[in-house]
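In: Predicted model and sequence below, questions to follow.
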Amino acid sequence: MNSRITHFFLLLICLILSSCFRHGDNTDGLPVGKRIQLQNVEDLYQFLTYDDNRYPLVSLHRGGPTSGYPENAIETFSYNASLQPVIIECDVRLSKDSALVLMHDNTLNRTTTGRGPVNASTLSELKKLRLLDNNKKITPYQIPTLEEALSWGKGKVIFTLDIKNNVPYEAVIHAIRKQRAESSVVIITYSANQAAKVHSIAGDLMISASINTVNDLARLNEKDIPDNRLLAFVGTREADPELTKMLHDHGIMCILGTLGNLDKQADKKGIQVYAGFIDRGADILSTDRPTEAGRALNFYIKKRGITSKFIQ
C-alpha cells in the first residue's frame, strides 16, 4: 500500500512539473504564450523608448514566413506570435479598387496562385487566390487586408508597416484610426521628408526612420518630430557605437536589420551572435530567422532578469 501511495505522489508531482513546463518556456527556449499588451499610444511610447532595462525584441521580416506559412499572412503572424513576443514587419499595397492589402511584391507571381500586378485585380479577385509558402507550396491562406491584420493584432503584437509606392499615407492612417489600432502600429519611412509628412498627418503615430548618421537624426529634429515618436532603423550592418549611444541618449531604440549577411553570420557561428548584436547596442532585430533569434534573445533576457509590464 505504501509503495502504491508513493508511486501515486511521484506521478502527481511529475504531472504538475510537466504542466508548469508546458506553460512556461518550451524546449526550443522560446517564451510561449507571452504577448505585447498595450492599451494606448502612451503605452506604446513608453515600451519603445530606450532605457537601460529595455526589452529586446524580434521583428519578423515580411511576417516571418516558414514552411507552411506564407509571408504577409495573418496565419503566419499568429503562428509566430504564439512562440514569442513579436514586432511584425509587413507590406501594404493597393488593389485595383483601392483596398489596402498586405503584399510585398508589385506582382502576384511569386507569392500567390495568381499572376500580374497587384493593382490590376480587385479585392474580390485577390481573395479568390491562395498564398504560397517559401517552398512554393499552395497554402489555404488568403491575401489579408490591412484592416483584417490590424483587427487581429490589437493587444497582441506591434506592426511596422512598410507602405509601398503609390499608397497614400492618408488611406493607411484612416484604416489605423478605423480599427483604433494606434497603439499597435509604427509607420516605416525612408527619409526625413516622408517622416515629416506622416507626422504632419498623424502626430500621435510612431515612425520608424532610417538613421545611419548623426545628420540623419538632426534632419528629423529639424522637422520637429519628437524623440518618443521615433524608432531608428540603423541599417543591415551594425551601427557605429557613437551613433547608437547618441540615439539611446535621446531615448530612441535601434532596429538592426540582420536579414541577409548578419543572419548568415549567425547561422554559421551560432545563435549567440544575435545576443552579441543586442550587447553592442541593437534593441530590435529585424530578421528572417525569428525562431533562432528569439531563442538567443530569450536566453539574454532570462540571464539578465529583464522584465516588462507590457510583456505578459
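Out: Great, that's in hand.
In: hey, let's count contacts and neighbours off CA atoms from now on
Out: Will do.
In: Next, name the residue at the spatial heart of this structure.
Out: Among the residues of the chain, Ile87 comes closest to the average C-alpha position under CA atoms, centre = their mean, at 2.0 Å.
In: Can I get the strand or helix carrying it in PDB, CA atoms only?
Out: Assigned by DSSP states H and E, Ile87 falls within strand 86-94. What follows is strand 86-94, C-alpha atoms only, in PDB (Å, rounded to 0.1, in the frame of the first residue of the first chain):
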ATOM      1  CA  VAL A  86       7.000  39.900 -31.800                       C
ATOM      2  CA  ILE A  87       7.000  43.000 -33.900                       C
ATOM      3  CA  ILE A  88       5.600  42.200 -37.300                       C
ATOM      4  CA  GLU A  89       7.000  44.000 -40.300                       C
ATOM      5  CA  CYS A  90       4.600  43.700 -43.200                       C
ATOM      6  CA  ASP A  91       3.900  45.400 -46.600                       C
ATOM      7  CA  VAL A  92       0.900  47.500 -47.800                       C
ATOM      8  CA  ARG A  93      -0.300  47.800 -51.400                       C
ATOM      9  CA  LEU A  94      -3.400  48.900 -53.200                       C
END
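In: What's opposite the residue nearest to the centre of the chain in the beta bridge?
Out: Counting by DSSP bridges, Ile87 is bridged to Ser59, Ile158.
In: List the contacts of it.
Out: Counting by CA atoms under 8 Å, 6 or more residues apart in numbering, Ile87 touches Leu57, Val58, Ser59, Leu60, Val157, Ile158, Phe159, Thr160.
In: Turn those residues into JSON lines, columns for distance to Gly68, pLDDT and neighbour count.
Out: Below are the contacts of Ile87 laid out as JSON lines (distance: CA to CA, whole Å; pLDDT from 0 to 100; neighbours: other CA atoms under 10 Å):
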{"residue": "Leu57", "distance to Gly68": "24", "pLDDT": "98", "neighbour count": "23"}
{"residue": "Val58", "distance to Gly68": "21", "pLDDT": "98", "neighbour count": "26"}
{"residue": "Ser59", "distance to Gly68": "20", "pLDDT": "98", "neighbour count": "28"}
{"residue": "Leu60", "distance to Gly68": "16", "pLDDT": "98", "neighbour count": "28"}
{"residue": "Val157", "distance to Gly68": "21", "pLDDT": "97", "neighbour count": "24"}
{"residue": "Ile158", "distance to Gly68": "23", "pLDDT": "98", "neighbour count": "26"}
{"residue": "Phe159", "distance to Gly68": "22", "pLDDT": "98", "neighbour count": "25"}
{"residue": "Thr160", "distance to Gly68": "23", "pLDDT": "98", "neighbour count": "24"}
